[in-house]
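>>> what's the 3D shape of this:
(chains A and B)
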Amino acid sequence: DTAVSQTPKYLVTQMGNDKSIKCEQNLGHDTMYWYKQDSKKFLKIMFSYNNKELIINETVPNRFSPKSPDKAHLNLHINSLELGDSAVYFCASSLLAASTDTQYFGPGTRLTVL
Amino acid sequence: LAKTTQPISMDSYEGQEVNITCSHNNIATNDYITWYQQFPSQGPRFIIQGYKTKVTNEVASLFIPADRKSSTLSLPRVSLSDTAVYYCLVGVGNTGKLIFGQGTTLQVKP
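Reported below is the predicted structural model:
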């Protein structure tokens, strides 16, 4: 069974559209994250939820809105997509919200905005 | 915020030991040092973590000097499958916030 799964794996869409990326973890972890990796491979944290509560909210445009229906799921909704949103988005989870906790990453969602 | 600096790329040959050094001059007292590995088209994967001195597991060793301003990831006898990007991270507080640098792209050649 996949520990952290994301859907879709690839997402190609037009500028201005709204899209969602789903993430699920079956590890029983309390904390989940969203990261963005740009073309230069920089991996930057966007959000983190601990037990459905937002604990990290980096400087991310308001067009990005995370939603955690339960602690096993953290979805990312993006409104009015822009060219600069093209990147690979990774979901991750950890047992607790401590920087010493191992984070388990999903396979990534490659978003291409045309 | 602690910032890490590591070489952008390294080349090695199969069977050699590879050492990747990371600088983190502003590391905080309660920060641990963690290394992740990322293969192409995959998410990062935890390799090893340490606070001071030396840590060893089945994959790698981590050497941390007394001042903790740097750390060295050592991969013994690398193989082609060790070709990946290696990230050195230091944590920030108790929120799980990890700051990834640009990583070191390790290319292992036959």
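>>> and residue A:81, what is it in contact with?
A:13-19, A:63, A:111, A:113 (C-beta atoms under 8 Å, 6 or more residues apart in numbering or on different chains). (C-beta placed from N, C-alpha, C; glycine too.)
>>> same deal with residue A:15?
Counted by C-beta under 8 Å, 6+ apart, residue A:15 has contacts A:81-83, A:113-114.
>>> Is it possible to get CSV of those residues that adds pLDDT?
Shown next, in CSV, are these (pLDDT from 0 to 100):
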residue, pLDDT
A:81, 97
A:82, 96
A:83, 96
A:113, 97
A:114, 96
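>>> Most neighbours among those residues, please name it.
Among the contacts of residue A:15, residue A:81 has the most neighbours (other C-beta atoms under 10 Å in any protein chain shown), with 21 neighbours.
>>> Tell me how far the spatially closest residue to that one that is not a sequence neighbour lies from chain B.
Excluding the flanking residues, the one nearest residue A:81 by C-beta to C-beta, 6 or more residues apart in numbering or on different chains is residue A:113, at 4.8 Å. Plainly put, residue A:113 is 19 Å away from chain B if you go by C-beta to the nearest C-beta, to the nearest Å.
>>> Correct me if wrong: residue A:113 contacts residue A:80.
No. Residue A:113 is beyond contact range of residue A:80, at 10.4 Å (criterion: C-beta atoms under 8 Å).
>>> Right, and chain A sits closest to which residue of chain B?
Residue nearest to chain A within chain B: residue B:91 (2.2 Å; C-beta to the nearest C-beta).
>>> Does that residue lie in a helix or a strand, and which?
In the assignment (DSSP states H and E), residue B:91 maps to strand B:84-92.
>>> Just checking: what are the partner strands of that strand?
If you go by DSSP bridges, strand B:84-92 pairs up with strand B:33-38 (antiparallel), strand B:97-98 (antiparallel), strand B:104-109 (antiparallel).
>>> Identify all contacting residues around the lowest-mean-pLDDT helix or strand in chain B.
Across the helices and strands of chain B, mean pLDDT, DSSP states H and E gives its lowest value to strand B:97-98, namely a mean of 74. In this structure, residues lying in contact with strand B:97-98 by C-beta under 8 Å, 6+ apart are A:45, A:48, A:56, A:99, A:103, B:34, B:89, B:91-92.
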